[in-house]
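Asks: Structure, please.
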Amino acid sequence: MQPTDFWAQVSKRGRDDCWLWNRWKDKDGYGQIRRFGRKCRAHRVAYELTRGPIPKGRFVLHSCDNPSCVNPQHLWIGTHTDNVRDMMNKGRNVYLHGERNPHSKLTNEVVLEIRNAVGSSYSIARRFNISQSNISRIRARKTWPHV
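Replies: Residues are numbered from 1 along each chain as shown. From the prediction side, this is the model:
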């Protein structure tokens with residue numbers, strides 16, 4: 001893909017604004033593009049087109065925290081540690097535990113039932129439709145320790 005073809009897929013705004021990728025995005029909102037026969041994230045391609053190669057093992061991070069942004073002014077190179085530090089400094093490290101997590105199959109009440117249940121891990125796992133290893137971790141308080 002030629003650089004002009006790449007930038008034709010972008011909604012450019014002011015120099016300091018986010019420039020949004022208009023094509024396919026992954027489940028996390030990052031722009032996706034095929035380049036040299038491989039699927040790549042659009043913000044990484046934008047960085048390479050404007051600043052050069054990305055050092056091996058490095059990340060292209062967003063100062064704007066907008067995954068679909070490809071504005072080179074918003075992109076910088078960092079390590080995994082830099083990425084985690086940036087996330088924590090910006091308050092994006094909120095994890096929902098237990099029944100507050102929308103993906104949780106269990107509630108606090110069910111966890112208490114599991115801990116008080118009599119029988120093998122196998123029979124309890126079948127009863128609650130979760131794995132035996134989940135039962136073991138719940139009973140050992142490795143998961144759901146707050147209940």
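Asks: Could you pull out the helices in this protein for me?
Replies: Secondary structure of the chain by DSSP state H: the helices cover 3-7, 42-51, 80-89, 108-116, 121-128, 132-139.
Asks: which one of these is the most hemmed in?
Replies: By mean neighbour count, with neighbours taken as mean count of other Cβ atoms under 10 Å, helix 42-51 ranks first of the helices of the chain at a mean of 19. Where you see a C-beta, it was placed from the backbone N, CA and C, and this is true even at glycine.
Asks: and that one, what's its mean pLDDT?
Replies: Taken as a whole, helix 42-51 has an average pLDDT of 96.
Asks: Same check on stretch 14-30?
Replies: According to the model, stretch 14-30 has a mean pLDDT of 94.
Asks: List the contacts of that stretch.
Replies: Contact with stretch 14-30 is made by 9-13, 31-33, 41-43, 64, 66-71, 73-74, as judged by Cβ atoms under 8 Å, 6 or more residues apart in numbering.
Asks: I'd like to know how far the nearest residue to residue 41 once chain neighbours are set aside sits from residue 74.
Replies: For residue 41, ignoring the flanking residues on the chain, the nearest one in space by Cβ to Cβ, 6 or more residues apart in numbering is residue 30 at 4.9 Å. Here residue 30 is placed at a distance of 13 Å from residue 74 (Cβ to Cβ, to the nearest Å).
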